[in-house]
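>>> Here is the input, now give the coordinates:
(2 chains)
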Amino acid sequence: MQTQKPTERNRQAVIKVRGLVNRFGTHVVHENLDLSLQRGEILGIVGGSGTGKSVLLRSIVGLKRPNEGTVEVLGTTLNELNEEQRSQIERRFGVLFQRGALFSSLNLQENIALPLIEHAKLPREDAEHLARVKLALVGLPPQAALQFPESLSGGMVKRAALARALALDPDILFLDEPTAGLDPIGAAAFDQLLVTLRDALGFSVFLVTHDLDTLYAACDRVAVLSQKRVLVVDTIDKVAETDDEWIQDYFHGPRGRAAQRAHTASSTIAYAQE
Amino acid sequence: MPSEWITRHDETLALQGEWTLANYRYIKAALNQQKRDDTLESAVSLKAISRLDTAGAILIVELIGVKKALTVAEWANELPGEQQALLIRIAEAMEAPLSVKPPSYSRVSQALANIGEHMVALWSQQRQLMAFIGLVMATLFNLILRPRRWRLTATVAHVQQSGLNAVPIVALLTFMVGAVVAFLGATVLEQFGATVYTIDLVAFSFLREFGVLLAAILLAGRTASAFTAQIGAMKSNEEIDALQAQGLDPIELLVLPRVMAMLISLPMLAFVGMLSGLAGGAVVATLSLDISLMQFITTLQKDVSVTHFLVGMSKAPVFAFVIAVIGCLEGFKVSGSAQSVGEHTTSSVVQSIFMVILIDALAALFFMEMGW
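Down below sits the predicted model:
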């Protein structure tokens, strides 16, 4: 069985980052950073602006070569592989970029069908059919399938980009601020969709976000990036208790408290319904 | 019929194996064989499915129908909860019709529509160009009396990029064309024993036409495209909108410095082009035509009046203005996509070279009639 309850899943790391150092000129972004992502978990990455969340994501997916340290993904070190092997690993990733990064010369259905045609070798007709279902799955109307990215709103671009990230049913999903720019209803639906798909498909999620509601609703663990390394990784309640000025401001500021209240309220209701 | 993914026991269809994207094609083929039977009626067992992803779930929902998939909990509770949730999500997504047909037209009306579209586009392009030239002129005259608002730094930067940095390529190119013209002249004029008129040929052609024309064509390729790409990238990054929202005039900030820079650069480059074209002719003349450098220069002074130089130079500002304006206008026409940046860059180069040659031809007619 591929899908087991998260608790029963064998705790095996799909991503292991060890001693990562990233520099831009003299500016050090990461110094000796360690982090691991367990199979089947949703790991939230938070941190102030400029703490290198996106840089960390880029070094894991192989878009930036780290200055030092190793990144082990699905048991192999990406930087040691040749093109062909690397491409084999990379097609097991789904990446949602911060600004969507949809291919502007293709319409939405072609955007999502592209990896299905190139990697899964499906005929175009089947690929486009699957693409339309995936677009519906992320909540886009059928007319959107033939539209081009430039004519879409920011929220629609985010959804379409998620559909593309999910196209190949990836093992690891990288999301860079997926709910930024979505309205609260859309963001909540996104969190729910993410959890449903994770439960059903058993992929692991590396989620960079500022959205406290997403952290409470979707994440199994939360990692805080600060002072050039991972300050703490744990469940959100434990992270929120950590004695650090930034963490205290973040989780116990007005927005943090509101998100926490909303989360407690919804889990009480769920408990009462059971 | 037995198959790896689907078997029929009496009234029950049993699905088994890995229903994943990797097997999508084979499962679909197996299902197509099955289709003839009344699958919607019979009971379905999902017990033996070992792996399921979205692609597989889509196939199952298609096989059993959306309604049945939505109630999966009632008839297939042996299926793990996560997979039930996936099936339900997919079924919900497939409930509404998925495809919208784009309207289709017959070939003839399509062709007619294409022609019409192109004509309208051509007409509106010319109108836009005229309107834009007017806008730039108006802004220019508005600012010319207010030196405080001249963007000197930007203008100088553009003069460096589009003028100074282009000197080597313009000089090299015109030098070589000058040499070619001299060879050509020598070959033809030798038959009349008039080899010495090669000097006049090179001088006339470079002072009147080639110096400025070659410089303009090079800048059309080099600078018009750069202007389009720069402004186009700003446009798709919403920088132009940001300028306007702050009450700043993009024409004043972005277009005028570029136009002014071109108005300064192109005459200078045309002059460089004329000189190095003459130099190319002189080198060929001295090395292979037995005309001494002294003789070359004396003939120039004697035969070629300064009018030819002025005729050539008078065209430079016109070309400069046209190239800069077309480059900037095409930049403003860019819409979000990467493809559109490419299209408009191409269009700006093609249009500006076309306009340069057209204006040059008209000018040649005019100057000839005037006897200049």
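>>> What residues sit buried inside the lowest-mean-pLDDT helix or strand in chain B?
Ranked by mean pLDDT, DSSP states H and E, the weakest helix or strand in chain B is strand B:6-9, scoring a mean of 75. Across strand B:6-9, burial judged by 16 or more other C-beta atoms under 10 Å in any protein chain shown covers B:I6, B:T7. C-beta here means a position set from N, CA and C on the backbone, and glycine is covered the same way.
>>> and that strand, what does it pack onto?
For strand B:6-9, the packing partners by 3 or more C-beta pairs under 8 Å, 6 or more residues apart in numbering or on different chains; DSSP states H and E come out as strand B:12-19, helix B:24-34.
>>> For the ones you listed, could you give me TSV that also reports distance to chain A?
Formatted as TSV, the helices and strands packed on strand B:6-9 follow (distance: least, C-beta to the nearest C-beta, whole Å):
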stretch	distance to chain A
strand B:12-19	9
helix B:24-34	6
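>>> circling back to that earlier point, can you show me the CA trace of the least confident helix or strand of chain B as PDB?
Presented in PDB, the C-alpha positions along strand B:6-9 are these (Å, rounded to 0.1, in the frame of the first residue of the first chain):
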ATOM      1  CA  ILE B   6      -9.300  -5.200 -15.100                       C
ATOM      2  CA  THR B   7     -11.100  -8.600 -14.900                       C
ATOM      3  CA  ARG B   8     -14.700  -9.600 -14.900                       C
ATOM      4  CA  HIS B   9     -16.100 -12.200 -12.500                       C
END
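>>> Tell me the strands beside it, with direction?
strand B:12-19 (antiparallel) (DSSP bridges).
>>> Kindly provide the whole-number mean pLDDT of the partner strand.
In this model, strand B:12-19 has a mean pLDDT of 80.
>>> Show me how far it is from its chain's centre.
52 Å (C-alpha atoms, centre = their mean, to the nearest Å).
>>> now do stretch B:159-177
Going by C-alpha atoms, centre = their mean, where stretch B:159-177 is centred and where its chain is centred differ by 23 Å.
>>> ok, now stretch B:345-362?
15 Å.
>>> List the buried residues in it.
In stretch B:345-362, counting by 16+ other C-beta under 10 Å, buried: B:T345, B:S347, B:S348, B:V349, B:Q351, B:S352, B:I353, B:M355, B:V356, B:D360.
>>> low-scoring stretches of the chain, by residue?
Here I'm looking at chain A. For chain A, the stretches with pLDDT under 70 are A:1-11, A:267-274.
>>> let's do chain B instead
In chain B, residues with pLDDT under 70: B:1-3, B:10, B:35-42.
>>> What parts of it come near chain A?
Contact residues, chain B versus chain A (C-beta under 8 Å from any C-beta of the partner chain): B:20-22, B:24-25, B:28, B:50-55, B:57-58, B:80-83, B:85-86, B:89-90, B:93-94, B:96-100, B:102, B:335-340.
>>> Quick one, which of these are buried?
B:20-22, B:24, B:28, B:51-55, B:57-58, B:80, B:82-83, B:85-86, B:89-90, B:93-94, B:98, B:335-337, B:340.
>>> In helices, which of those residues appear?
In helices, judged by DSSP state H, the following of those are found: B:24, B:28, B:54-55, B:57-58, B:82-83, B:85-86, B:89-90, B:93-94, B:340.
>>> what's the closest of these to B:I169?
B:S340 (28.4 Å; C-beta to C-beta).
>>> Please name the nearest non-neighbouring residue to that closest one.
B:V334 (5.2 Å; C-beta to C-beta, 6 or more residues apart in numbering or on different chains).
>>> Nothing else from me, thank you.
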